[in-house]
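Student: Pasting the sequence and the predicted coordinates here, then a few questions.
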Amino acid sequence: MADMKQNLTCRQALAAAFQALSEEAVKAGWSEGDVALALAELAEEQVIEVTAKIITEGSIHPQFAASGRSS
């Protein structure tokens with residue numbers, strides 16, 4: 001349950017900046033649909049990168065991955 005609460009807190013902290021970024025992109029001339037798709041694709045790429053990093057670090061240094069340290 002702690003992870004769900006932490007995720008919600010993180011989402012709340014990022015929401016205003018995310019909305020502002022979206023609005024600025026629309027003001028710059030991009031359609032709302034294009035902006036939403038681009039942001040979703042960027043988010044997906046970030047998830048893939050973070051997941052790969054966790055997997056890689058876990059396979060190289062499992063004792064550190066468990067404790068959250070990278071070296």
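Tutor: Yep, that arrived. Numbers count the residues shown, from 1 in each chain.

Student: what helices or strands is the biggest helix by length in the chain leaning on?
Tutor: Secondary structure of the chain read by DSSP state H shows that its longest helix is helix 32-60. On a contact count with 3 or more C-beta pairs under 8 Å, 6 or more residues apart in numbering; DSSP states H and E, helix 32-60 meets helix 2-27, helix 62-67. Using the backbone N, CA and C atoms, a C-beta is placed for each residue, glycine as well.

Student: Of those helices, which is nearest D34?
Tutor: Comparison of these against D34 by C-beta to C-beta identifies helix 2-27 as nearest, at 8.1 Å.

Student: Setting aside sequence neighbours, what's the nearest residue to L39?
Tutor: Excluding its sequence neighbours, the residue lying closest to L39 (C-beta to C-beta, 6 or more residues apart in numbering) is S22, at 6.7 Å.

Student: got a list of what the one you found touches?
Tutor: By C-beta atoms under 8 Å, 6 or more residues apart in numbering, the contact list for S22 reads 32, 35-36, 39.

Student: would you turn these into JSON lines with pLDDT and neighbour count?
Tutor: Converted to JSON lines, the contacts of S22 look like this (pLDDT from 0 to 100; neighbours: other C-beta atoms under 10 Å):
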{"residue": "E32", "pLDDT": "97", "neighbour count": "11"}
{"residue": "V35", "pLDDT": "98", "neighbour count": "17"}
{"residue": "A36", "pLDDT": "97", "neighbour count": "14"}
{"residue": "L39", "pLDDT": "97", "neighbour count": "14"}
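
Student: Among those, which one sits closest to C10?
Tutor: L39 (16.1 Å).

Student: Test my guess that the closest one contacts L21.
Tutor: Yes: counting by C-beta atoms under 8 Å, L21 is a contact partner of L39 at 7.5 Å.

Student: State the number of residues packed around A25.
Tutor: 17 (other C-beta atoms under 10 Å).

Student: meant to ask about A28, not that
Tutor: With other C-beta under 10 Å as criterion, A28 counts 8.

Student: ok, now L14?
Tutor: Residues lying near L14 (other C-beta under 10 Å) number 11.

Student: where's it relative to N7, distance?
Tutor: 11 Å (C-beta to C-beta, to the nearest Å).
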